[in-house]
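> Provided below are the primary sequence and the corresponding predicted coordinates.
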Amino acid sequence: MKIYTTYFSKIGKLDTEKITPISICLKPVNGWKFPQYKPLATTWSILSEYKITKDKERFIERYKSEVLGHLDPNQVIRDLEELAGPNKDIAMVCYEKSGDFCHRHLVADWLGLKDCELNI
């Protein structure tokens, strides 16, 4: 099982027979029919502050403390595997394009994933 990251507008190109997209944001796009994993979502408070201040360092500090700090990475992986189903890879999905600042990249680092952004 591999874990990737991607964003919503790429989902149409994803082979969902092999890779299960799992939303890790507060609210997925309308019509989202795949699993969601809310424990990795940023909080409204963190997101609201970031939209006003654009302070990436503050966002990272708060996200690591208020979200990731309450989670066990091994349990998160087990939960994602369960949501994905047997013998399927996982794509953690959010809104921002590849290369843009996004919490999914913080999650990937926290989980120890390298070169995990899907290039589809």
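Looks like it came in fine.

> Q75 sits in which helix or strand?
Taking DSSP states H and E as the definition, one finds Q75 inside helix 73-84.

> please save the CA atoms from that helix in PDB.
The C-alpha trace of helix 73-84 is given here as PDB (Å, rounded to 0.1, in the frame of the first residue of the first chain):
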ATOM      1  CA  PRO A  73       0.600   8.600  12.800                       C
ATOM      2  CA  ASN A  74       0.500   4.800  13.000                       C
ATOM      3  CA  GLN A  75      -3.200   4.900  13.800                       C
ATOM      4  CA  VAL A  76      -3.900   7.400  11.100                       C
ATOM      5  CA  ILE A  77      -2.300   5.100   8.500                       C
ATOM      6  CA  ARG A  78      -4.400   2.200   9.800                       C
ATOM      7  CA  ASP A  79      -7.500   4.300   9.600                       C
ATOM      8  CA  LEU A  80      -6.700   5.400   6.000                       C
ATOM      9  CA  GLU A  81      -6.000   1.800   5.000                       C
ATOM     10  CA  GLU A  82      -9.400   0.700   6.400                       C
ATOM     11  CA  LEU A  83     -11.200   3.500   4.500                       C
ATOM     12  CA  ALA A  84      -9.400   2.700   1.300                       C
END
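
> give the rounded mean pLDDT of stretch 58-74.
Average pLDDT, stretch 58-74: 98.

> ok, back up a step: could you give the angle of the helix or strand just after the helix holding Q75 to helix 73-84?
On the C-terminal side of helix 73-84, the closest following helix or strand by DSSP H and E is strand 89-94. Here strand 89-94 points in a direction 100 degrees away from that of helix 73-84 (axes from the mean of the first three to the mean of the last three C-alpha atoms, to 10 degrees).

> all good on my end, thank you.
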